[in-house]
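>>> With the sequence up front, the predicted model follows.
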Amino acid sequence: MARFGSSRQCFEDRAKAGAPAVGRFCGTAPRDRGSRVSVALDKRTGKYVVRWRANGRHYSRSFTVKADAERFDREQKRAKELGTLFNPRRGCETLAEVIELWWTSHVARLQPNTRDGYRLTWTRHIRPQLGDVPIRDLTPGRVDSFREGLAKAGVGEATIAKSLAVLSGVFRFAVLRGIIDANPVREVKAPRPRRARFVAAATPLTIERVRVTLLTPGRLRDAVLVSTLGYAGVRPGEALALRWADVHRASLVVERAVAKGEIKATKNERLRAVRLLGPLAVDLALWRSASNYASDDDYVFPNRQGRVWGEYDWDNWRDRAFRPAVEAAGVVIGRPYDLRHSFVSLLIHEGRSLADVAVQAGDAVATIASTYTHVFVEAEGLPREPAGGVIEAARDALGVRQLYADLGFVAIGDAAEPASDLEADARTRTGDPFITSEVLYQLSYVGEDD
């Protein structure tokens with residue numbers, strides 16, 4: 001008996017089923033004159049066989065699933081119509097092999113933190129389940145099953161979304177390189193991580209308690225770093241990348257950030273000028289007068305060698321300076337990063353618009369709206385409070401000015417009397433009632449005669 005059954009048997013079987021005959025093989029489509037059936041069922045093995053001719057030779061390939069055979073057949077015919085060389089092994093590379101190409105071509109140029117996140121997601125969640133699978137076999141259904149498996153294993157929505165994002169990047173690369181035709185992740189609905197709770201912004205009184213704990217033993221740099229994070233809203237990496245040339249009379253210019261000891265672009269790769277509040281201006285002036293690195297090209301917060309902080313420097317400061325100070329102050333602040341919420345909250349209570357707050361914080365309007373909805377609601381109907389005045393009230397309550405004087409950082413009279421609103425508007429262009437340009441000028445020279 002012939003492998004695919006005799007023509008008579010094929011005709012008889014199709015006649016019993018009420019279907020028209022298609023020719024020699026029991027194929028899946030009618031045979032037109034001059035055409036050849038390319039997909040046929042092998043009754044002996046129960047598999048679907050695709051047959052084609054190329055370079056004067058006949059080829060065949062078997063598939064268990066009919067849809068796979070038809071897809072392969074379409075690819076072969078498409079290559080013929082486009083006049084390209086059909087490669088039956090196209091897409092047989094495993095996901096792990098394609099990842100290596102993608103990593104070298106694309107990921108290696110990303111920032112270190114991004115690369116580390118991709119590497120962790122790949123090794124923990126993607127490679128164990130999909131690493132050895134040929135990329136052409138990763139259909140939307142297979143990817144969706146992967147998503148469901150992560151969810152059942154208790155993996156968080158944010159991690160699942162990140163895993164799908166990594167997969168999507170790999171498949172997009174594979175499409176551009178001609179390894180596959182389409183990105184299957186596009187058909188899979190990724191979860192949208194939702195914030196479990198609203199952010200809790202530390203009040204100026206809370207921040208000043210931490211600063212007093214740092215100032216008492218004379219740790220001025222650490223106290224000023226805390227106030228920079230809390231009263232300028234910069235991210236830690238942005239604060240560590242500040243140079244003295246970025247500290248203007250009425251603003252901080254944020255142009256770069258630090259990640260693992262390397263200078264990089266800011267998170268959204270946008271430049272911004274952050275309003276410099278009066279109390280923070282005093283802190284920075286005092287720190288510049290006391291720092292050994294005070295030229296315009298020096299970093300505001302350098303390490304002991306005058307260079308930008310590395311990962312070790314940051315971890316050391318967070319664990320040995322910031323966290324102990326928070327605990328000693330008896331307050332709750334999760335991470336140094338969380339201090340930026342205080343700046344946003346101060347701006348909202350000043351009555352600043354949503355767009356203005358977003359520009360100052362360096363975030364999208366939608367992000368500010370979703371993250372600080374509760375703060376906008378809370379501030380609605382309350383009297384507007386100048387941010388500088390709220391900070392100064394907290395410092396007065398804790399005796400920060402006196403502490404500065406006791407430590408010899410500034411004479412008690414230099415910053416004792418706040419300027420009027422009119423003077424501040426005219427001389428600093430910040431509208432902050434605490435300090436004028438004259439005071440900033442005087443403070444910048446404090447300590448030079450010592």
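Perfect, thanks for sending it.
>>> From now on I want contacts and neighbour counts done on CA atoms only, so please keep to that.
Will do.
>>> And the strands in this protein?
With strands called from DSSP state E, the chain shows them at 39-42, 47-54, 57-63, 251-254, 257-259, 262-264, 272-275.
>>> So which of those strands is nearest A369?
Closest of these to A369 is strand 272-275, at 18.9 Å (criterion: CA to CA).
>>> Would you mind extracting the C-alpha trace of that closest one into CSV?
Taking Å, rounded to 0.1, in the frame of the first residue of the first chain, the C-alpha atoms of strand 272-275 are listed here in CSV:
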residue,chain,number,x,y,z
ARG,A,272,14.3,70.4,34.3
ALA,A,273,14.8,73.4,36.6
VAL,A,274,13.4,72.8,40.1
ARG,A,275,12.4,75.7,42.2
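>>> in its sheet, what does it sit against?
Strand 272-275 pairs in its sheet with strand 251-254 (antiparallel), by DSSP bridges.
>>> Tell me which residues are up against the partner strand.
A232, E238, L242, D246, V247, T266, L271, R272, A273, V274, R275, L276 (CA atoms under 8 Å, 6 or more residues apart in numbering).
>>> could you redo the last one with a cut-off of 10 Å?
Residues from elsewhere that reach strand 251-254 (CA atoms under 10 Å, 6 or more residues apart in numbering): 228, 232, 234-235, 238-239, 241-247, 265-266, 270-277, 281, 362, 428-430.
>>> Give me the buried entries from those residues.
228, 232, 234-235, 238-239, 241-244, 246-247, 265-266, 272-277, 281, 362, 428-430 (16 or more other CA atoms under 10 Å).
>>> Which residues are in contact with V175?
Here V175 is in contact with G169, D181, A182, N183 (CA under 10 Å, 6+ apart).
>>> Generate a PyMOL selection restricted to the buried subset of these.
Buried subset of the contacts of V175, written as a PyMOL selection, criterion 16+ other CA under 10 Å:
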select buried, resi 169+183
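>>> Show me the buried ones among the contacts of strand 251-254 that map onto helices.
T228, A232, E238, A239, A281, T428 (DSSP state H).
>>> Could I get the buried residue list for stretch 328-344?
A329, I333, P336, Y337, D338, L339, R340, H341, S342, F343, V344.
>>> Reformat those as a markdown table; add distance to E208 and pLDDT.
Shown next, in a markdown table, are the buried residues of stretch 328-344 (distance: CA to CA, whole Å; pLDDT from 0 to 100):
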| residue | distance to E208 | pLDDT |
| --- | --- | --- |
| A329 | 9 | 94 |
| I333 | 12 | 93 |
| P336 | 14 | 95 |
| Y337 | 16 | 94 |
| D338 | 15 | 94 |
| L339 | 12 | 95 |
| R340 | 14 | 94 |
| H341 | 15 | 95 |
| S342 | 12 | 95 |
| F343 | 13 | 96 |
| V344 | 17 | 95 |
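>>> Just the ones of those in helices?
A329, R340, H341, S342, F343, V344.
>>> Tell me which stretches of the stretch 1-150 of the chain form helices.
Secondary structure of the stretch 1-150 of the chain (DSSP state H, counting those that start in this stretch): helices at 7-16, 66-82, 95-105, 112-121, 127-130, 140-152.
>>> Can you get me the centre-to-centre distance for stretch 305-320 and its chain?
Stretch 305-320 sits 22 Å away from the centroid of its parent chain (CA atoms, centre = their mean, to the nearest Å).
>>> oh, I was asking about stretch 116-134
Worked out by CA atoms, centre = their mean, stretch 116-134 lies 19 Å from the chain centre.
>>> How about the lengthiest helix in the chain, which residues are buried there?
When the chain is scanned for its longest helix (criterion: DSSP H), the result is helix 157-176. Applying a neighbour-count criterion of 16+ other CA under 10 Å, one finds 157, 159-174 buried in helix 157-176.
>>> what angle do that helix and helix 112-121 make?
100 degrees (axes from the mean of the first three to the mean of the last three CA atoms, to 10 degrees).
>>> average model confidence for helix 157-176?
For helix 157-176, mean pLDDT is 92.
>>> and if you look at stretch 141-151?
In this model, stretch 141-151 has a mean pLDDT of 92.
>>> what does that stretch contact?
Identification of contacts with stretch 141-151 by CA under 10 Å, 6+ apart yields 125-126, 129-130, 137-140, 152, 155-157, 159-161, 163-164, 167, 184-185, 187-191.
>>> Which of those are buried, as a ChimeraX select command?
Entered in ChimeraX, the line below selects the buried ones among the contacts of stretch 141-151, by 16+ other CA under 10 Å:
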select :125,126,130,137,138,157,159,160,161,163,164,167,184,185,190,191
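>>> worst-scoring helix or strand of this structure, pLDDT-wise?
Ranked by mean pLDDT, DSSP states H and E, the weakest helix or strand in the chain is helix 421-428, scoring a mean of 35.
>>> how near is G310 to G154?
34 Å (CA to CA, to the nearest Å).
>>> Please identify which of these two sits among more neighbours.
G310 (17 against 9; other CA atoms under 10 Å).
>>> my read: that one touches A259, true?
Yes. Between G310 and A259 there is a contact at 7.7 Å, judged by CA atoms under 10 Å.
>>> any common contacting residues for the two?
By CA under 10 Å, 6+ apart, G310 and A259 have these common neighbours: L240.
>>> how about low-confidence regions in this structure?
Within the chain, the set of residues satisfying pLDDT under 70 comprises 1-37, 54-55, 79, 82-90, 195-196, 410-450.
>>> let's see it at 80
Applying pLDDT under 80 to the chain picks out residues 1-38, 52-59, 71-72, 75-91, 109, 111, 181, 193-198, 268, 409-450.
>>> residues contacting H349?
V375, F376, E378, A379, E380, L382, P383, R384, E385, P386, A387.
>>> which among the residues you listed gets closest to R209?
Nearest to R209 among those, with distances taken as CA to CA, is A387, at 17.3 Å.
>>> and that closest one, how many residues sit next to it?
For A387, using other CA under 10 Å, the count is 24.
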